[in-house]
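Participant: Compute the structure for the input listed below.
(one chain, ligands or ions: 2)
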Amino acid sequence: MTDPSTILAYFTIGKTTPTQISPIIGGHINKSFLVLTETEGFVLQRINESVFPDVSKLMENFCRVTGHLRAKGFITLESLQTVHGKDFHLDTQGHAWRLCRRLENTLMASIPATSQQVKNAAKAYGYFTRSLEDLPKPRLHEIIPGFHDTRKRMDEFLLAVEANPRNRIQNATAEIEFIIERREWCEIIPRAMADGVIPERIVHNDAKLDNVLFDIQTGEVASVIDLDTVMPGSILHDFGDLIRSAASSAREDEPDISKIAINKHFIDAITNGFLESCGAIITQGERELLPVAGKLITYEQAIRFLTDYILGDHYYKTHHPNQNLDRARNQLRLVELLEENT
Ligand code: GN1
Ligand code: MG
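Facilitator: Ligands and ions are numbered 1, 2, ... in the order given. Predicted structure coming up:
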């Protein structure tokens, strides 16, 4: 891979020289680096082009959305221009790089700590969608078509099981059975969208707890980050991802599933925060599906992790063998718990 320090010369970050460049751990898709100078901090990212093949469209969405939010007074990511006036730099190997200013005095929570914290996160995602209601046309690019189409995810899963290219399905027979038994769940959100029962909106599509940054002083959300999947979708995708990540006592990477529990107070806090921020725009159809969105999106995530495990771990970064299987088991345990709760 191109040395990230050589990439900085292509961005207009002033005359300051970096004092430190270090990889940022976490995130399954892009490669990220923290760049520090004497006075400022930046995040340099190499965009994963097999997941995001059209970086121009991705950055067009990114800039339209951040520009709109900034004009409304929100703190949001700012992508710095290259010396050629572009939003990203293509290196000699054809890899795309983006540089953003670091948001100072903020912190990220990987595991939910308090009801107030998860409520604040939910409020932030609700305001996010609400603030993008009046984004001028045209429709944002669908960066990854069918991203939250659980039916499509199921079809890909069934094909993977049938192909079994790494002889791995024998390690996951109970998990495969569990998924197939609940197959009709795949239809619920996609059908409601197709029938117009729930509207298409601009949503984040990766609305995890760790994709918001909290203000160190106030504990309020300073900014919603990781905007690569912001595109048309359903508000239920974001609400479901929040339940998945902010109502579970364990990270999705936790291999010991006995550590997973759901916190009902957090589910209530997420629901209240979400309704407080975007209750005024959500429809009856959306409201009715809120109680099942968490289990449906967690189920979809389990399908995605297990598909990647069966196919040989090409999509999600892994750091040890069977990590995608562990992640799938973790998410299925969470599905079980959420199922008992609905
Ligand atoms: C990926 O970029 P990151 O790691 O936040 C994935 C999400 C999954 C998530 C699971 C483009 O997000 O859809 O929910 O992992 N992003 C993409 O943690 O596939
Ligand atoms: Mg992401």
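Participant: Buried residues, stretch 134-151. List them.
Facilitator: By neighbour count on 16 or more other C-beta atoms under 10 Å, the buried set for stretch 134-151 is 140-141, 143-144, 147-151. C-beta coordinates here come from the backbone N, C-alpha and C atoms, glycine included.
Participant: what's the answer for stretch 294-314, then?
Facilitator: If you call a residue buried by 16+ other C-beta under 10 Å, then stretch 294-314 has these buried ones: 294-311, 313.
Participant: cool, and stretch 182-200?
Facilitator: 182, 185-186, 188-190, 192-193, 198.
Participant: Restricted to helices, list these.
Facilitator: 185-186, 188-190, 192-193 (DSSP state H).
Participant: Can you classify the residue of the stretch 1-150 of the chain found nearest ligand 1 by secondary structure?
Facilitator: As assessed by C-beta to the nearest ligand atom, ligand 1 sits closest to residue 28 within the stretch 1-150 of the chain, at 3.6 Å. Three-state assignment for residue 28 (DSSP: H, G, I helix; E, B strand; the rest coil): coil.
Participant: Which one of the buried residues of stretch 182-200 is nearest to residue 126?
Facilitator: residue 198 (15.4 Å; C-beta to C-beta).
Participant: residues touching the closest one, list them.
Facilitator: The contact partners of residue 198, by C-beta atoms under 8 Å, 6 or more residues apart in numbering, come to 189, 192, 234-236, 283, 285-286, 289.
Participant: Can you list which of the residues you listed are found in helices?
Facilitator: Short answer: the contacts of residue 198 in helices (DSSP H) are 189, 192, 235-236, 285-286, 289.
Participant: Next to ligand 1, which bits of the stretch 1-150 of the chain? Give me the list.
Facilitator: 27-29, 51 (C-beta under 6 Å from any ligand atom).
Participant: ok, how many other residues are close to the residue of the stretch 51-200 of the chain found nearest ligand 2?
Facilitator: In the stretch 51-200 of the chain, the residue that lies nearest ligand 2 is residue 51 (9.1 Å; C-beta to the ion). When neighbours are defined as other C-beta atoms under 10 Å, residue 51 has 16 of them.
Participant: So for the chain, the centremost residue is which one?
Facilitator: In the chain, the residue lying closest to the centroid (C-alpha atoms, centre = their mean) is residue 206, at 2.1 Å.
Participant: didn't that residue look like it was pressed against residue 240?
Facilitator: No: using C-beta atoms under 8 Å, residue 206 is not in contact with residue 240; the gap is 11.4 Å.
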